[in-house]
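**Student:** here you go, sequence then predicted model.
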Amino acid sequence: MASTPVLVFATFRPAPGKEQELLDTLAPMLENTRLEPGNEVYDLYSSEDDGQAIYHLFERYVDADALQAHRDAEYYTAYRARLGDLLSTPVEVNVLSEIDAR
C-alpha cells in the first residue's frame, strides 16, 4: 500500500520591523527540514499585502508520520517557541490532502 503524501501551507505575517529576524529564524528550518528523510519539499515564498511582507512555507512529506517526525524535532520546537514576538498574527497552518496533483 502506497503512503499518502501530506502537504502543509503555512503563512507568516511578520511584526513591523521583524522581517529580517523572521527570515533568519526560518533559515535553519529550511536547512534542517530539507535533510529529513520524510520531507520532499520545504520551500519559502514571499508576497505583499498593503506594502507588508508576508512569507509562506510550502511543505510536502511522504506521509503523516513524516510530518509528525518533523514536528517532534528539537529544532522545530525551538523555532516555534521563538516565533511569538516576530509575528503580527499567529502562524496560519493548513494541512492539505491531495485530490488531483502531479
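**Tutor:** Now that the structure is in, tell me what you want to look at. Numbering: from 1, shown residues only.

**Student:** what sits against residue 66?
**Tutor:** Contact partners of residue 66, counting by CB atoms under 8 Å, 6 or more residues apart in numbering, are 6, 36-39. (C-beta placed from N, C-alpha, C; glycine too.)

**Student:** ok, which pair from the residues you listed is furthest apart?
**Tutor:** Greatest spacing in the contacts of residue 66, by CB to CB: 6 and 37 (14.4 Å).

**Student:** so between the two, which is more surrounded?
**Tutor:** Legend: neighbour count by other CB atoms under 10 Å for residue 6 and residue 37, higher for residue 6 (22 against 7).

**Student:** quick one, phi psi at that one?
**Tutor:** In terms of degrees, to the nearest 10, the main-chain angles of residue 6 are phi -120, psi 130.

**Student:** so what's it up against?
**Tutor:** Residue 6 touches 60-61, 63-64, 66-67, 95-97, counting by CB under 8 Å, 6+ apart.

**Student:** also residue 23?
**Tutor:** Contacts of residue 23 (CB under 8 Å, 6+ apart): residue 55.

**Student:** would you list every one of the strands in the chain?
**Tutor:** In the chain, the strands defined using DSSP state E lie at 6-12, 39-49, 52-61, 92-97.

**Student:** chain center to the longest one: distance?
**Tutor:** Just to be clear, that refers to strand 39-49. 7 Å (CA atoms, centre = their mean, to the nearest Å).

**Student:** quick check: mean pLDDT of it?
**Tutor:** For strand 39-49, the mean pLDDT works out to 97.

**Student:** contacts only, for residue 88.
**Tutor:** Counting by CB under 8 Å, 6+ apart, residue 88 makes contact with 13-16.
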